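Got a predicted model here, sequence first, then my questions.
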Amino acid sequence: MLDWFILFLQIMLINIVLSGDNAVVIALASKNLPLHQRKQAIWWGAFGAIALRVVLTVIAVYVLKVPFIQALGSVLLLWIAIKLLIDEEDHSNVKQAATLGKAVSTIILADFVMSLDNVLAIAAKAKGEVGVIILGIGLSIPIIVWGSTLVVNLLKRYPIFVYLGAGILGYTAGEMFIADEELATRLLGDTSHYVLPIVTTLIVLASGVLKKWVFRPRQRHT
């Protein structure tokens, strides 16, 4: 039961951290609507996004069981984790919809385009626990929608949450690679299963530290 609860909390954190950009999209897409329509657009858009993401994640759970796909997914997830710490997304191309229908469709479409990282990360972490997937996504997205601005500001104000989420993603990427037993055995031999997840976690966190303490001062001077 404790393992299940910890897994649930990890999925919630991953989804919230990776959905910071989605929260910005939700806010922008519904910005020009009247207040009552803005609330409808946010909730209908969120409902569509939840349903879409659950379906895609469940599909991903089964796709990741295909040999070598899991190893490829682990590399992609490692890149997603690093990108989370080093990138600053630009949402200037998100259209502010003028009608309720357009706002809802914009939110759902944007969530579909931006959800590859969420889907892959949650599918990898859940390890086939479909119930945890549905509950984790179902509860975290309303939190993001209800407080989209709050979530974005929280992640900016307390970067430790972003680093924690990225670290979980890095560890999960290592676990994914190990789970692809045929390839892992060929490349890693008898190396302990705990080594690679720890290494991938350190790589992710190191990329964030380098971005913050090495490259940022140079950018300020230039």
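That came through, no problem.

low-confidence ranges in this protein?
Across the chain, the stretches falling below the confidence threshold (pLDDT under 70) are 19-28, 31, 87-98, 110-116, 141-153, 155, 214-222.

Give me the buried positions along the longest helix along it.
Under DSSP state H, the helix in the chain containing the largest number of residues is helix 35-63. Within helix 35-63, the residues scored as buried using 16 or more other CB atoms under 10 Å are 37-38, 40-42, 44-50, 52-54, 56-58, 60-61. (C-beta placed from N, C-alpha, C; glycine too.)

and what of stretch 177-187?
Taking 16+ other CB under 10 Å as the basis for neighbour counts, the residues of stretch 177-187 that come out buried are 177-180, 183-184.

right, and the helix or strand after the helix or strand encompassing A103?
Assessed by DSSP states H and E, A103 sits inside helix 100-114. Once helix 100-114 ends, the next helix or strand along the chain (criterion: DSSP H and E) is helix 116-126.

Packing partners of that following helix?
Identification of packing neighbours for helix 116-126 by 3 or more CB pairs under 8 Å, 6 or more residues apart in numbering; DSSP states H and E yields helix 2-18, helix 35-63, helix 69-86, helix 130-146, helix 159-179.

now the angle from the longest one to helix 69-86?
Calculated by axes from the mean of the first three to the mean of the last three CA atoms, to 10 degrees, helix 35-63 forms an angle of 140 degrees with helix 69-86.

What helices and strands are in contact with helix 35-63?
Under the contact criterion of 3+ CB pairs under 8 Å, 6+ apart, helix 35-63 touches helix 20-29, helix 100-114, helix 116-126, helix 130-146.
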